[in-house]
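Peer 1: I would like to see how this sequence folds:
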Amino acid sequence: MSTTSSEHATPDSGPRPDDERTLTPSSPLTGVVPVVPTIFHDNEDLDLPGLRRVLDYLVDARVDGVCALANYSEQFSLTEAERDQVAATVLEHTAGRVPVVVTTSHYSARIAAQRSRAAQDMGAAMVMLMPPFFGATLSVSAQGVIDYFRTVADAIDIPIMVQDAPMSSTPLPAGLLIDLVRQVPQVRYAKIEVPFAADKLATLVDAVGDQLVGPFDGEESVTLLPDLDAGAVGTMCSSMVPGELGRIVRDHLAGRRDEAVAGYERLLPLIHFENRQCGLRAQKILMAEGGIIGSERTRAPLGPVSPRTRAGLVELAKRYDPLVLNWGR
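Peer 2: Model (predicted):
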């Protein structure tokens, strides 16, 4: 499938930053940067052609970047060899059309640094990492977090995004994040997707906004509007309706808050259904419904949603007529 915008209706014809730019403090990544799902066949083998179709759909949705191997990519279900296959496929197939963020989280600072260096060598524009943790109880101290990110930064030249997510048992209070940004200058982005995200974002922007060029919202954009009002410059959502979310972000950044509010209020029921009823499976369900991918399979033990929930998602999504339901038809 080619990625000519004339072939598929796109949600926004407005300007987007230069796709092949180098990310710098004066030219940071902003806008909508969806997590790319890892696509599987029904037998749970990797479906790389399906992944390439997803990438073409995302480019046609006028996203500002993509993120591979994140939690919504089911990175925790992949072998190291499969991680390399997915990263290589994403980077080769995007071919500079949009910047690529690669998630390189690992408990070991050594392995995280190696993963990050490999991602840079493959062409990643940025890496994203959660703080080191393992399970519900194995977390690290504040100084351990700073040392961990410093180890990763010493191995690469590209920017780092720190992911503040509920999955991690290592807490990242605002004070620690401020210290991290000040002490590890390559940490220029932060994805905040924890309770009370807006207040944390506002605190970070007030304290280190000159260094933290990319405060981002997450968690499927379920708190997008308050997070944008707090100073977020982008959202890292799922791949379900990124084009529609991108329009909201661009309206807000351009000072068209009323339009952003209207767009957010209209889309929120669908985002809320995704966030609370389906999780990462929602994007695959709608991609399969829209003919983008052949299978909505997730790897066991993560099973499908109930038929009732699936039907509810599809029925709700059809009311919005999103690109995800039309691109592959």
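
Peer 1: and residue 39, how many neighbours does it have?
Peer 2: As a burial measure, residue 39 scores 27 neighbours (other C-beta atoms under 10 Å). Every residue, glycine included, has its C-beta placed from N, CA and C.

Peer 1: and the nearest residue to it once chain neighbours are set aside, what does it touch?
Peer 2: In this structure, residue 39 finds its nearest non-sequential neighbour in residue 50, 3.7 Å apart by C-beta to C-beta, 6 or more residues apart in numbering. Applying C-beta atoms under 8 Å, 6 or more residues apart in numbering to residue 50 gives the contacts 39, 41, 292, 293, 294, 295.

Peer 1: and for residue 173?
Peer 2: Listed by C-beta under 8 Å, 6+ apart, residue 173 has no contact partners.

Peer 1: cool, residue 154 as well?
Peer 2: Residue 154 touches residue 113, counting by C-beta under 8 Å, 6+ apart.

Peer 1: please report how far it lies from residue 162.
Peer 2: Distance, residue 154 to residue 162, by C-beta to C-beta, to the nearest Å: 16 Å.

Peer 1: just to revisit the earlier point, among the contacts of residue 50, list the two that are farthest apart in space.
Peer 2: 41 and 292 (14.5 Å; C-beta to C-beta).

Peer 1: pick out whichever of those two has more residues nearby.
Peer 2: It is residue 292, of residue 41 and residue 292, that has more neighbours when counted by other C-beta under 10 Å, with 26 against 13.

Peer 1: and that one, which of the three is it?
Peer 2: Here residue 292 takes the coil state, with states given by DSSP: H, G, I helix; E, B strand; the rest coil.

Peer 1: that one touches residue 52, doesn't it?
Peer 2: No. Taking contacts as C-beta atoms under 8 Å, residue 292 lies outside contact range of residue 52: 10.5 Å.

Peer 1: number of residues surrounding residue 129?
Peer 2: 23.

Peer 1: that one: what's its closest spatial neighbour, skipping adjacent residues?
Peer 2: Closest residue to residue 129 apart from its sequence neighbours, by C-beta to C-beta, 6+ apart: residue 105 at 4.7 Å.

Peer 1: isn't that neighbour up against residue 116?
Peer 2: No. Using C-beta under 8 Å, residue 105 is not in contact with residue 116; the gap is 9.8 Å.

Peer 1: quick check: neighbours shared by those two?
Peer 2: Common contacts of residue 105 and residue 116 (C-beta under 8 Å, 6+ apart): residue 129.

Peer 1: circling back: what's the distance between the residue nearest to residue 129 and residue 252?
Peer 2: 29 Å.

Peer 1: was I right about residue 217 contacting residue 224?
Peer 2: Yes. Counting by C-beta under 8 Å, residue 224 is a contact partner of residue 217 at 5.5 Å.

Peer 1: overlap in contacts, the two.
Peer 2: Here residue 217 and residue 224 share the contacting residues 232, 235, scored by C-beta under 8 Å, 6+ apart.

Peer 1: burial count for residue 83?
Peer 2: By other C-beta under 10 Å, 21 other residues sit near residue 83.
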